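Asks: The following block contains a protein sequence and its predicted model.
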Amino acid sequence: MRVVIFEPNGRIYSKFSCSQHLEFPNGVAANDNEEIFISDNRAHCVKVFNYHGIFLRQIGGEGMTNFPIGVCITERGHVVVADNHNNFNLTIFAQDGSLISAYESRVKHAQCFDLTLMDEGSVVLASKDYKVYVYRFASCGNNYPVVNDGLLHSSTGNLSAPSSSSSSSVMRTGGAVGGSGSDFIMRSPLKNLIKCDYQ
């Protein structure tokens, strides 16, 4: 996979290949410290790189983030990893990789392929049934405990999908680039545009 980082004026800031570290990348996020977070479905984790392509760390792993479908970073800087293994799951980490909380839904979605944050307490899940699902969760302090609105519960409870829509707001572009897979495009908090594609 090739990562290209553009400055706000459109000039290329940096580009690198990270294929040697990734098995099946499928989502990208970035923080304001010039770090890129790429979810890797087959490696069951998120790999973190700096803007120059140096591998920094891994977040999650098998048994914790099985077959992730995407990654987001909240306004507080927490890393949200979604997976659709058995049920739809959200796992929330600090940026150093320490576990904050884990959630599991009551609903099994058909082949989910991406997610994005709407705000600090909502994620949007895109599914191949031509719908997007909105999951709400509330934060309290530095953690994500059981919420009081009944829509999302901690790993001791359940997560339910309160609504769905037939339109999508994900930033994945369609079509293959140099082989199989799709491009991933996102804007970092530093206003850089980050594009990941298959070489």
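Replies: Noted; the coordinates are in hand.
Asks: Given the helix or strand encompassing residue 26, what are its sheet partners and their directions?
Replies: Applying DSSP states H and E as the criterion places residue 26 in strand 25-30. Strand 25-30 sits in its sheet next to strand 35-40 (antiparallel), going by DSSP bridges.
Asks: which residues are in contact with the helix or strand following the partner strand?
Replies: Following strand 35-40 in sequence order, the next helix or strand is strand 45-50 (DSSP H and E). Surrounding strand 45-50, the residues in contact under the criterion CB atoms under 8 Å, 6 or more residues apart in numbering are 3, 16, 18, 21-22, 25, 34-40, 55-62, 65, 68, 71, 79, 81. For glycine as for every other residue, the C-beta is placed from the backbone atoms N, C-alpha and C.
Asks: Report the buried members of those.
Replies: Buried residues within those, counting neighbours by 16 or more other CB atoms under 10 Å: 3, 16, 18, 21-22, 25, 34-40, 59-60, 65, 68, 71, 79, 81.
Asks: hang on, the earlier thing: strands - which of the contacts of strand 45-50 land there?
Replies: Mapping the contacts of strand 45-50 onto strands (DSSP state E) picks out 3, 16, 25, 35-40, 55-59, 68, 71, 79, 81.
Asks: Now do the same for residue 88: its pLDDT.
Replies: Residue 88 carries a pLDDT score of 82 in this model.
Asks: give me every residue that touches residue 71.
Replies: Listed by CB under 8 Å, 6+ apart, the contact partners of residue 71 are 27, 28, 29, 37, 38, 39, 46, 79, 80, 81, 82.
Asks: Now do the same for it: its pLDDT.
Replies: pLDDT, residue 71: 93.
Asks: Any idea what it is bridged to?
Replies: Bridge pairing for residue 71 - DSSP bridges - gives residue 81.
Asks: Please determine how far it is located from residue 40.
Replies: As judged by CB to CB, to the nearest Å, residue 71 and residue 40 stand 10 Å apart.
Asks: before we move on, what about residue 188?
Replies: Taking CB to CB, one finds residue 188 at 19 Å from residue 40.
Asks: ok, now residue 195?
Replies: Residue 195 is 18 Å from residue 40, by CB to CB.
Asks: swap in residue 69?
Replies: Distance from residue 69 to residue 40, by CB to CB: 11 Å.
Asks: what residues are shared contacts of those two?
Replies: Among the neighbours of residue 69, those also in contact with residue 40 (CB under 8 Å, 6+ apart) are residue 26.
Asks: And the residue most central in space within the chain, how far from residue 8?
Replies: What sits nearest the mean C-alpha location of the chain, by CA atoms, centre = their mean, is residue 71, with 1.1 Å. Applying CB to CB, the value for residue 71 to residue 8 is 23 Å.
Asks: Lovely, talk soon.
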